[in-house]
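Asker: Pasting a predicted model and its sequence here:
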Amino acid sequence: MTPKMRRLTVAVAATIVLAFSADAAFAWSCHAKSRIGEGWGYSTVLQTAREEAKLKCMLTTPRRMSCRIVACRK
């Protein structure tokens, strides 16, 4: 399994677990984008959701390109 496939598998697994979690209904969800990649973050703490979204975006974005938060909602 390549590192990229492993990251995707972990991201999908985390998304599924959060989707069926009882706390997920009360969690923050944030979306980060770059010109090429994007990422989602979920947490009951806004700052954690923002950081997770940016990290997942950075994993799909080439070096020297930045990711920015485009939306967060509860």
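Answerer: Received the coordinates, thanks.

Asker: for this structure, which spans come out with low pLDDT?
Answerer: Along the chain, the model assigns pLDDT under 70 to residues 5, 8, 10, 12-13, 16-26.

Asker: Might you report the residue contacts of Leu46?
Answerer: Trp28, Cys30, Cys72 (CB atoms under 8 Å, 6 or more residues apart in numbering). Quick note: C-beta positions are derived from backbone N, CA and C, even for glycine.

Asker: what's the closest of those residues to Glu38?
Answerer: Cys30 (11.1 Å; CB to CB).

Asker: Which of the contacts of Leu46 ranks first by neighbour count?
Answerer: Cys30 (24 neighbours; other CB atoms under 10 Å).

Asker: That one contacts Ala71, correct?
Answerer: Yes. In this structure, Cys30 is within contact of Ala71 by CB atoms under 8 Å, at 6.9 Å.

Asker: With secondary structure added, can I get the contacts of Leu46 in CSV?
Answerer: Formatted as CSV, the contacts of Leu46 follow (DSSP: H, G, I helix; E, B strand; the rest coil):
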residue, secondary structure
Trp28, strand
Cys30, strand
Cys72, strand
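
Asker: could I get those residues as a markdown table with distance to Val45?
Answerer: As requested, the contacts of Leu46 are exported to a markdown table (distance: CB to CB, whole Å):
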| residue | distance to Val45 |
| --- | --- |
| Trp28 | 7 |
| Cys30 | 11 |
| Cys72 | 11 |
